[in-house]
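Chemist: Let's see this in three dimensions:
(one chain, ligands or ions: 2)
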Amino acid sequence: MKMGENKPWYNDQLRHYDLEFGQIPRLHYTDPKIDELIQQNKPVVILGSDIVKSAKNRWTPEYLEENLGNSGHTVFLSKGHKFKYYDESKILSRTNSHGVEFTPPTKKIRMKIGDFMKKLREWKPGQDRLYLQQPLNNTVGPSLVQDFVNFNWDYITKKQTKHQWGPLTSNLLLISQEGNVTPCHFDEQQNFFAQLHGFKRCILFPPSDFECLYPHPVYHPHDRQSMVDFDKPDYEKFPNFKRANGCETVVEPGDVLYIPIYWWHHVESLMEGGTTVSVNFWYKSGTTNLGYPLRDYQKVSITRNLEKMLVEVLQDPKEVGPLLRSMILGRYT
Ligand SMILES: CC[C@@H](CC(=O)C(=O)O)C(=O)O
Ligand SMILES: [Zn+2]
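Modeler: Ligands and ions are numbered 1, 2, ... in the order given. Predicted coordinates:
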């Protein structure tokens, strides 16, 4: 079905990209195919579950303003609609002493929820955009704690156990201004991404699209982020981007999207769709029993470890390319 038909949004609320995307399966939570897909490390949208029923459409921006607590939260500011993540610890690292100039694309500040909501209400085009991204912790108000306790932890924990995931590491609360984009990246955790208010378009690519999405080097602050600007792809620098095999869905309140570990994902709050609220559940991956042939995400993990070791031992990132070329050209190619 074309995106947007018989749906509470319109196609022109979706940003336009050069690629065509398949559809991520959307299955009722009782469908056994869900476990098959999770086992295969493939994405699926879980429908009609009560996983976050206690927060679905209840965690509205106004309710959160009342109940999130007054301790101040992490807010990112951006000049444009993109909020590209960067690892602050890698800005100052030694390997960057080789003149890798890095200007953070967003500003990270702490803001009280009341100020954040006021800024959202008064926002004018041309002003910095805002995105609140705060791990849920014990500073939230009692009403939110109750809602959180009332998530369907039985269902979630059963999935975690059945698929031998590691421990839950965090739940990131996301309050996004309409139209904001989190550009394409992958995480090294399993993720149940729950949509609570408003609509978000999620475009996912398999780990095997590594060669099409050109991640920054591991030592770079934008490690795990794609170098390709989806709004204006540079096909000279990134020719394989046109071969990327994306699939997409628009998550609605109550939907839970399984974003498998090492899967690339681009997330956008629909334009003119109002403020959106999501919460994710990040799990460490379980112990990897290496079966052969290796899975695509296992190969990505191996290349990352290799890259880290080479940068560490060579010290100068500019030596990694020549060394790898001399090692493989004419011998493994
Ligand atoms: C972190 C922000 C992003 C979600 C995501 O990347 C994740 O849950 O891993 C989004 O919703 O804008
Ligand atoms: Zn992510």
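
Chemist: For the stretch 51-200 of the chain, which residues are neighbours of ligand 1?
Modeler: Applying C-beta under 6 Å from any ligand atom, we find that the stretch 51-200 of the chain lies next to ligand 1 at Q133, L174, T182, D187, N191, F193. (Each C-beta comes from the backbone N, C-alpha and C, glycine too.)

Chemist: what are the pairing partners of the helix or strand that contains H266, and which direction each?
Modeler: Per DSSP states H and E, H266 falls inside strand 264-269. Using DSSP bridges, the strands paired with strand 264-269 are strand 181-185 (antiparallel), strand 200-205 (antiparallel).

Chemist: Among the residues of the stretch 51-200 of the chain next to ligand 1, which are located in strands?
Modeler: Counting by DSSP state E, the part of those found in strands is Q133, L174, T182, N191, F193.

Chemist: for those, which one is nearest R304?
Modeler: Nearest to R304 out of these is N191 (C-beta to C-beta; 17.9 Å).

Chemist: Enumerate every residue touching the closest one.
Modeler: Counting by C-beta atoms under 8 Å, 6 or more residues apart in numbering, N191 makes contact with Y258, I259, P260, I261, N280, F281, W282, Y283.

Chemist: Show the overlap between those and what lies near ligand 1.
Modeler: N280.

Chemist: Could you export the contacts of N191 as CSV, including distance to C212, secondary structure and neighbour count?
Modeler: Shown next, in CSV, are these (distance: C-beta to C-beta, whole Å; DSSP: H, G, I helix; E, B strand; the rest coil; neighbours: other C-beta atoms under 10 Å):
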residue, distance to C212, secondary structure, neighbour count
Y258, 22, strand, 23
I259, 18, strand, 23
P260, 17, coil, 24
I261, 19, coil, 21
N280, 25, strand, 21
F281, 28, strand, 25
W282, 25, strand, 20
Y283, 26, strand, 20
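
Chemist: which of the ones in strands among the residues of the stretch 51-200 of the chain next to ligand 1 sit farthest apart?
Modeler: Q133 and N191 (14.0 Å).

Chemist: gap between the two ends of stretch 150-170?
Modeler: Distance across stretch 150-170, first residue to last, is 17 Å (C-alpha to C-alpha, to the nearest Å).

Chemist: how much distance is there from it to the middle of the chain?
Modeler: Counting by C-alpha atoms, centre = their mean, to the nearest Å, stretch 150-170 is centred 19 Å from the centre of its parent chain.

Chemist: what about the residue nearest to the spatial centre of the chain, distance to ligand 1?
Modeler: The chain has H265 as the residue nearest its centroid, 5.4 Å off, counting by C-alpha atoms, centre = their mean. In this view, H265 and ligand 1 are 6 Å apart by C-beta to the nearest ligand atom, to the nearest Å.

Chemist: Bridged to the residue nearest to that residue when sequence neighbours are not counted, which residues?
Modeler: Sequence neighbours aside, L204 is the residue nearest to H265 in space, at 4.9 Å (criterion: C-beta to C-beta, 6 or more residues apart in numbering). Beta-bridge pairing of L204, defined through DSSP bridges, involves C247, H265.

Chemist: quick one: average pLDDT of the helix or strand hosting K108?
Modeler: K108 is located in strand 106-111, with elements delineated by DSSP H and E. Averaging pLDDT along strand 106-111 gives 98.

Chemist: Tell me where the stretch 1-150 of the chain has helices.
Modeler: Secondary structure of the stretch 1-150 of the chain by DSSP state H, counting those that start in this stretch: the helices cover 33-39, 61-67, 113-122, 142-149.

Chemist: Now tabulate those in TSV and tack on mean neighbour count.
Modeler: Below are those laid out as TSV (neighbours: other C-beta atoms under 10 Å):
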stretch	mean neighbour count
helix 33-39	15
helix 61-67	18
helix 113-122	16
helix 142-149	15
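
Chemist: Serialize these to JSON lines and add fields for distance to K7.
Modeler: Formatted as JSON lines, the helices of the stretch 1-150 of the chain follow (distance: least, C-beta to C-beta, whole Å):
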{"stretch": "helix 33-39", "distance to K7": "21"}
{"stretch": "helix 61-67", "distance to K7": "22"}
{"stretch": "helix 113-122", "distance to K7": "25"}
{"stretch": "helix 142-149", "distance to K7": "27"}
